[in-house]
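Peer 1: quick one: sequence plus predicted model below, questions after.
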Amino acid sequence: MTTSEVTVSRTNGKVRSHPTQNEALLFEKSSPGKRAYKLAPLDVPAVDAAALLGAAHRTTPGELPELSEIEIIRHFTRLSTWNYAIDLGMYPLGSCTMKYNPRVNELVARIEGLAEAHPYRPDSLAQGILEVIDLLQRCLIEITGMDAITLQPAAGAHGEFTGILLVRAWHESQGNARKRILIPDSAHGTNPATAAICGYTVENLKSNAEGGIDLEALTRQVDEETAALMLTNPSTIGVFESQIAKIAEILHAKGALLYMDGANMNALVGKARPGDFGVDVMHLNLHKTFSTPHGGGGPGSGPVACKAFLEPFLPTPVLISNFGFDDPRSPNARDLGHPGTKGLGTEGLSAGELHWEYNRPQSVGRVRAFYGNVGMFIRALAYILANGPDGLRQTTEDAVLNANYIRAKLQDLYELPYKTASMHEVVFSDKLQAAKGVKTGDIAKRLIDYGFHPYTVSFPMIVHGALMIEPTESESLEELDLFIEAMRAIAKEAEETPELVKSAPHSTRVSRLDEVLAARKPILRWAPAARPNAR
Ligand SMILES: Cc1ncc(COP(=O)(O)O)c(C=O)c1O
């Protein structure tokens, strides 16, 4: 059988697009003198650039590619078709929640008055965008059941950092910053990194057989030097921590706080509120739960919500209305016992208008320039308002239903290491396939031939050979069935023709890449032949 026969006969009706037109770098396509534009004749007095720039004036032109407009457009358009995207098909990357970004979010984010709002605009002229931020804050406070919030952090990990700074500042205000943070072995890698960067020692907490926290171990490990437990709920194996209220009690009895990594809130929104089950501080990932784009490393958004006693430590500035902190109409100000700053910085504002408050003596300070990734706030608010409370609840239910549908349809062929009910994602292991030498990474690569983005491979660490699958609520029954069919077909191949799976993908421009070399020694810059070693 030829490679093309292998791929074509096994695609289960799934459309794949892999146009394989060769594509050189723009630098390689360049030919001297080509232009994509023509400047209009100079209609202002010419200046002497050399005199103006002095030593910074360059005498030789930069080595830039020279091409026509159509060549550039075709180059980037062709490259864009090589990428897999949520707009092409299911993207079941567990833990990442690659849900569809509804177009209404994009429409709203492009409204000129919002998109063009400048951060230096005086508060009195920025009431529209401030109201958007205020309303999003109120919605997120309502959804999480917390008392106060900051939208400043630019991503989930940045939210963790901000949240643990709040924990530290609060402990310091009590006379002892404490030394340790407890983190379960199932945690996302960013949790221990956050604790360490905030100056805490990380202490590992072993999961029990159900994938939850071992309460006896927790009771033994928490003491007066424990600053907090960082708990992801639902966890990275997609399991809800049913003992959460008891866990909070154990921590609070020793003066320690409960930090919840709320990156998986897409399994809880509209159903349960962390503020109601004992959480003191948490972050959200707007790009996971509220459908803002993930955007290749940014811009994301990782708001931090907290209980009232942590509010004075929130990063500056916070948004308040000039009713004053004590007024229930002010965001971040309800019943918080804050001293209040009525009148400060409110020049030109009418009663009740919003403004940024900087005078916060106990604040941990700024964690980001300006106010956060405001474009993401607009998108998240559009998503929340478009769905409404019932829609958000339905979204959560569908995400959980989809994960459990996949679980039910695959558990006879893939080993399920934790039998506890799944929430938004299901984690299998490659134990059955590994008997034939086929590993989770091989199965993931073979999925590409079936037209799907791979699931998350080898995470979480507590599951050896993990296949972590998160369909999200975006997928229809038809797409889920195609995925299930593909996974079942691959399980059969692993049994009957394991080499086919181990050498996948067969349908792509390149097959197995040296991923370690690519990560450790990335070549990110084109270098002219004369300087081949430039990086
Ligand atoms: C459980 C969990 N915590 C933290 C993060 C970190 O979020 P970010 O990638 O936005 O920094 C993620 C990201 O997916 C996550 O799944």
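Peer 2: Received it, and whenever you're ready, just let me know what you need. Residues are numbered from 1 along each chain as shown.
Peer 1: CA atoms for contacts and neighbours, from now on please.
Peer 2: Noted.
Peer 1: distance from the chain centre to stretch 480-500, please.
Peer 2: 30 Å (Cα atoms, centre = their mean, to the nearest Å).
Peer 1: what about dumping the CA coordinates of that stretch to CSV?
Peer 2: C-alpha atoms of stretch 480-500 as CSV (Å, rounded to 0.1, in the frame of the first residue of the first chain):
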residue,chain,number,x,y,z
LEU,A,480,-17.6,14.0,18.1
ASP,A,481,-18.6,10.8,16.3
LEU,A,482,-16.0,11.4,13.6
PHE,A,483,-13.4,11.8,16.4
ILE,A,484,-14.5,8.7,18.2
GLU,A,485,-14.4,6.8,14.9
ALA,A,486,-10.9,7.9,14.3
MET,A,487,-9.7,7.0,17.8
ARG,A,488,-11.3,3.6,17.4
ALA,A,489,-9.7,3.0,14.0
ILE,A,490,-6.3,4.0,15.5
ALA,A,491,-6.8,1.5,18.4
LYS,A,492,-7.4,-1.2,15.8
GLU,A,493,-4.3,-0.1,13.8
ALA,A,494,-2.3,-0.2,16.9
GLU,A,495,-3.3,-3.8,17.3
GLU,A,496,-3.0,-5.0,13.7
THR,A,497,-0.5,-2.6,12.0
PRO,A,498,1.4,-0.9,14.8
GLU,A,499,4.2,0.4,12.5
LEU,A,500,1.6,2.5,10.6
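Peer 1: now do the buried residues in that stretch.
Peer 2: 480, 482-491, 493-495, 498, 500 (16 or more other Cα atoms under 10 Å).
Peer 1: likewise stretch 388-406?
Peer 2: Across stretch 388-406, burial judged by 16+ other Cα under 10 Å covers 392-406.
Peer 1: what do you get for stretch 29-43?
Peer 2: Buried residues in stretch 29-43, counted by 16+ other Cα under 10 Å: Ser30.
Peer 1: got the end-to-end distance for it?
Peer 2: One end of stretch 29-43 sits 33 Å from the other (Cα to Cα, to the nearest Å).
Peer 1: kindly report the same for stretch 299-314.
Peer 2: Note: stretch 299-314 ends 21 Å apart using Cα to Cα.
Peer 1: and the average pLDDT for that stretch is what?
Peer 2: Average pLDDT, stretch 299-314: 95.
Peer 1: what's the single longest helix in the chain?
Peer 2: Looking across the chain with DSSP state H, the single longest helix is helix 374-410.
Peer 1: hmm, that one touching the ligand?
Peer 2: No: Helix 374-410 lies apart from the ligand when judged by Cα under 6 Å from any ligand atom; the minimum separation is 12.4 Å.
Peer 1: tell me what the next helix or strand after that helix is packed against?
Peer 2: Of the helices and strands lying after helix 374-410 in sequence (DSSP states H and E), the nearest is strand 426-429. Here strand 426-429 touches helix 374-410, strand 466-469, going by 3 or more Cα pairs under 8 Å, 6 or more residues apart in numbering; DSSP states H and E.
Peer 1: low-confidence ranges in the stretch 401-535 of the chain?
Peer 2: Applying pLDDT under 70 to the stretch 401-535 of the chain flags residues 530-535.
Peer 1: switch to 90 and redo it
Peer 2: Applying pLDDT under 90 to the stretch 401-535 of the chain picks out residues 458-459, 461, 507-511, 513, 515, 523-535.
Peer 1: who touches the closest residue to the ligand within it in this structure?
Peer 2: When distances are taken as Cα to the nearest ligand atom, the stretch 401-535 of the chain reaches nearest to the ligand at Pro460, 10.1 Å away. With contacts defined as Cα atoms under 8 Å, 6 or more residues apart in numbering, the neighbours of Pro460 are 186-188, 236-237, 466, 468.
Peer 1: change it to 10 Å
Peer 2: 94-95, 185-189, 235-237, 427, 466-468 (Cα atoms under 10 Å, 6 or more residues apart in numbering).
Peer 1: what subset of these is also close to the ligand?
Peer 2: Okay, of the contacts of Pro460 touching the ligand (Cα under 6 Å from any ligand atom), that's 95, 188.
Peer 1: rebuild the contacts of Pro460 as JSON lines, extending it with secondary structure.
Peer 2: Listed next are the contacts of Pro460 as JSON lines, based on DSSP: H, G, I helix; E, B strand; the rest coil:
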{"residue": "Gly94", "secondary structure": "coil"}
{"residue": "Ser95", "secondary structure": "coil"}
{"residue": "Asp185", "secondary structure": "coil"}
{"residue": "Ser186", "secondary structure": "coil"}
{"residue": "Ala187", "secondary structure": "coil"}
{"residue": "His188", "secondary structure": "coil"}
{"residue": "Gly189", "secondary structure": "coil"}
{"residue": "Ser235", "secondary structure": "coil"}
{"residue": "Thr236", "secondary structure": "coil"}
{"residue": "Ile237", "secondary structure": "coil"}
{"residue": "Val427", "secondary structure": "strand"}
{"residue": "Ala466", "secondary structure": "strand"}
{"residue": "Leu467", "secondary structure": "strand"}
{"residue": "Met468", "secondary structure": "strand"}
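Peer 1: done for today, thanks.
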